[in-house]
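J.: Sequence and predicted structure are below.
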Amino acid sequence: MRKILYFFLSASLFCSCVPKKKFVELSEELDDCYKSKQAGIKTMAENKQTIADLESNKKYLQDAIDALAKDTLAKGKLLSQNKSDLESLRNLNKKLADQLKNSRSESEVKALLSQLQSMQNKLASREDSLSAKEKEMQKLTAMVNRQDSLMKNLKKKVSDALTNFEGKGLSVVNKNGRVYVSMDEKLLFKSGSYDVDSKGIQALNSIGDFLVENKDIHVVIEGHTDNVPYTGNGYLLDNWDLSVKRATAIVRALIGNKNIDPARITASGRAEYVPLDPADTKEARQKNRRTEIILSPNMDELMKALSGE
């Protein structure tokens, strides 16, 4: 494109007998314009990448906002009611004070004074209550923010520990205030079996090493199946049995590391009743056959700090 522009510029200057100096100046201006255009194209590409990064974080931030709004909604309603009641009391207080000024009867004065004192006491009590509720909301907000920070840090640690397995039948996500490590059936078991494969053992060893280093994490192991009835032989009757046996097999693999306290781990089987995808397709059934390792940080110290203990 730039060569074409040079051609037309040269032809135009030749035909109009423009001096060489002027031709050089125009050529330089053309170069500057071309460079500015290329810089603009590069900036647009960088902006597109920045927008993509911002969009990827948008959902997580919105989830955090929604969680805070849900936790504080009840407190917010109570605060709103208290403020409305306080305003009514202040108005009544003013009305009584005005009536007191205009009253000439001694008995009326005494009655109004008594009402005024009662209203002032109620007002003081409501203000104390409102102040306490506001402090409680501040603590709740601090707890939500702290928990959010803990979960972000926990997810990063887990992802770092399992970086060699993510995208290979294993995923790590934040959900409901906990970190979920979801492992596909193909990573851990053969179809209908509850014996852990060697490649699954490698992933579980990495999780075990993480649990040894982070002793304040509680672990729940959930086995999930698809909705196809179990038809295998042996001791298993149905998908309930299969999901429980798979969960306990994962527990045994983890506590093979003697540095992991078995009391930290809970196993449960969910059969086919908590699917990721409810569609009746081969792809959906494959997605639903999974084992989830759910990690929850110990919030006891946080709760003590917030309560001032």
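T.: Arrived safely, thanks for sending.
J.: right, and residue 220 touches residue 269 too?
T.: No: counting by Cβ atoms under 8 Å, residue 220 stays clear of residue 269, with 11.7 Å between them. Where C-beta positions appear, they are placed from N, C-alpha and C, glycine not excepted.
J.: tell me the contacts of the nearest residue to residue 202 once chain neighbours are set aside?
T.: In this structure, residue 202 finds its nearest non-sequential neighbour in residue 165, 7.8 Å apart by Cβ to Cβ, 6 or more residues apart in numbering. Residue 165 makes contact with 187, 202-203, 206, according to Cβ atoms under 8 Å, 6 or more residues apart in numbering.
J.: now for those residues, which pair is the farthest apart?
T.: Longest distance between any two of these is 12.2 Å, between 187 and 206; criterion Cβ to Cβ.
J.: Those two: who's more crowded?
T.: More crowded of residue 187 and residue 206, by other Cβ atoms under 10 Å: residue 187, with 20 against 17.
J.: three-state assignment of residue 226?
T.: Under DSSP: H, G, I helix; E, B strand; the rest coil, residue 226 falls in the coil class.
J.: returning to what we had before: more neighbours: which of residue 220 and residue 269?
T.: Counted by other Cβ under 10 Å, residue 220 and residue 269 do not tie: residue 269 has more neighbours, with 20 against 17.
J.: And the nearest residue to residue 190 once chain neighbours are set aside, how close does it get to residue 189?
T.: Distances taken as Cβ to Cβ, 6+ apart put residue 197 closest to residue 190, at 7.0 Å, once the chain neighbours are dropped. Using Cβ to Cβ, to the nearest Å, we find residue 197 at a distance of 7 Å from residue 189.
J.: got it, and residue 249?
T.: From residue 249 over to residue 189 (counting by Cβ to Cβ), the distance is 8 Å.
J.: Give me the common contacts of the two.
T.: 195-196.
J.: Tell me where the stretch 201-309 of the chain has helices.
T.: Remark: helices assigned in the stretch 201-309 of the chain by DSSP state H, counting those that start in this stretch are 239-254, 282-288, 300-307.
J.: Out of these, which is the most enclosed?
T.: Compared across the helices of the stretch 201-309 of the chain, helix 239-254 shows the largest average neighbour count, a mean of 21 (mean count of other Cβ atoms under 10 Å).
J.: other SSEs contacting that helix?
T.: Helix 239-254 sits against helix 198-213, strand 217-224, strand 265-269, strand 290-297, with contacts defined as 3 or more Cβ pairs under 8 Å, 6 or more residues apart in numbering; DSSP states H and E.
J.: Spell out which residues make up each domain of this structure.
T.: Here the domain assignment for the chain is 2-53, 67-147, 162-307, based on automatic domain parsing.
J.: what mean pLDDT does the second one have?
T.: Right, the one you point to is domain 67-147. Averaging pLDDT along domain 67-147 gives 72.
J.: same deal with stretch 289-297?
T.: 92.
J.: Confirm for me that residue 201 is in contact with residue 253.
T.: Yes: between residue 201 and residue 253 there is a contact at 6.2 Å, judged by Cβ under 8 Å.
J.: For stretch 279-293, which outside residues touch it?
T.: So stretch 279-293 is contacted by 180-185, 188, 207, 219-228, 246-247, 250, 272, 275-278 (Cβ under 8 Å, 6+ apart).
J.: Of the residues you listed, grab the buried ones for PyMOL.
T.: Selection of buried members from the contacts of stretch 279-293 for PyMOL, criterion 16 or more other Cβ atoms under 10 Å:
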select buried, resi 180+181+182+183+184+185+188+207+219+220+221+222+223+224+225+226+246+247+250+272+275
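J.: need the strands for the stretch 51-200 of the chain, in chain order.
T.: When secondary structure is read from DSSP state E, counting those that start in this stretch, the stretch 51-200 of the chain shows strands at 170-175, 178-184.
J.: Could you export the ones you listed as CSV, including distance to residue 265 and mean pLDDT?
T.: Formatted as CSV, those follow (distance: least, Cβ to Cβ, whole Å; pLDDT from 0 to 100):
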stretch, distance to residue 265, mean pLDDT
strand 170-175, 18, 88
strand 178-184, 13, 91
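J.: Let me have those strands in CSV, adding distance to residue 133 as columns.
T.: Shown next, in CSV, are these (distance: least, Cβ to Cβ, whole Å):
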stretch, distance to residue 133
strand 170-175, 30
strand 178-184, 29
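J.: of all the ones you listed, which lies closest to residue 297?
T.: Here strand 178-184 is closest among the strands of the stretch 51-200 of the chain (Cβ to Cβ), at 8.4 Å.
J.: packing partners for that closest one?
T.: helix 106-161, strand 170-175, helix 198-213, strand 290-297.
J.: ok, now with 10 Å
T.: Strand 178-184 makes packing contacts with helix 106-161, strand 170-175, helix 198-213, strand 217-224, helix 282-288, strand 290-297 when contacts are defined by 3 or more Cβ pairs under 10 Å, 6 or more residues apart in numbering; DSSP states H and E.
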